[in-house]
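Engineer: Need a 3D model of the sequence below.
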Amino acid sequence: MTKIAVEEGLRPFQQALQTAGYLVVEIREPNDIGRMGAHAVVVSGMDKNFLGIDDSRQSPVITVAGRTPEEVVDEVRRSLGPME
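Structural biologist: You can find the predicted model right below:
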């Protein structure tokens, strides 16, 4: 199953991704990201490096700033392609 790591506090986005069939895990601290093995990471976008995420990651990082939960789900689908 495709695993999406979502920054803590983004409940509507977590729910939308779960409804779309993704396994959602919550990021509570920056070290969680490396341990989770997520296919994509969803963050608030308040600060580009808020969770210590750098541009060298293999998984796409998607910000929710200015987007609806449905728009974020669509972006995850575009970024990852068909679900496993």
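Engineer: Which parts of the chain are helices?
Structural biologist: Assigned by DSSP state H, the helices in the chain fall at 11-19, 31-36, 69-80.
Engineer: residue contacts, the residue nearest to R28 when sequence neighbours are not counted?
Structural biologist: Distances taken as CB to CB, 6 or more residues apart in numbering put E8 closest to R28, at 5.2 Å, once the chain neighbours are dropped. C-beta: built from backbone N, CA, C; applies to glycine. Applying CB atoms under 8 Å, 6 or more residues apart in numbering to E8 gives the contacts E26, I27, R28.
Engineer: Among these, name the ones in strands.
Structural biologist: Counting by DSSP state E, the members of those that fall within strands are E26, I27.
Engineer: Can you get me a residue count around E29?
Structural biologist: When neighbours are counted by other CB atoms under 10 Å, E29 registers 9.
Engineer: which ones are touching it?
Structural biologist: Counted by CB under 8 Å, 6+ apart, E29 has zero contacts.
Engineer: in the protein, which helix or strand is least confident?
Structural biologist: None of the helices or strands of the chain scores lower by mean pLDDT, DSSP states H and E than helix 31-36, at a mean of 79.
Engineer: Could you list the buried residues of that helix?
Structural biologist: Residues of helix 31-36 classed as buried: D32, I33, M36 (neighbour count, 16 or more other CB atoms under 10 Å).
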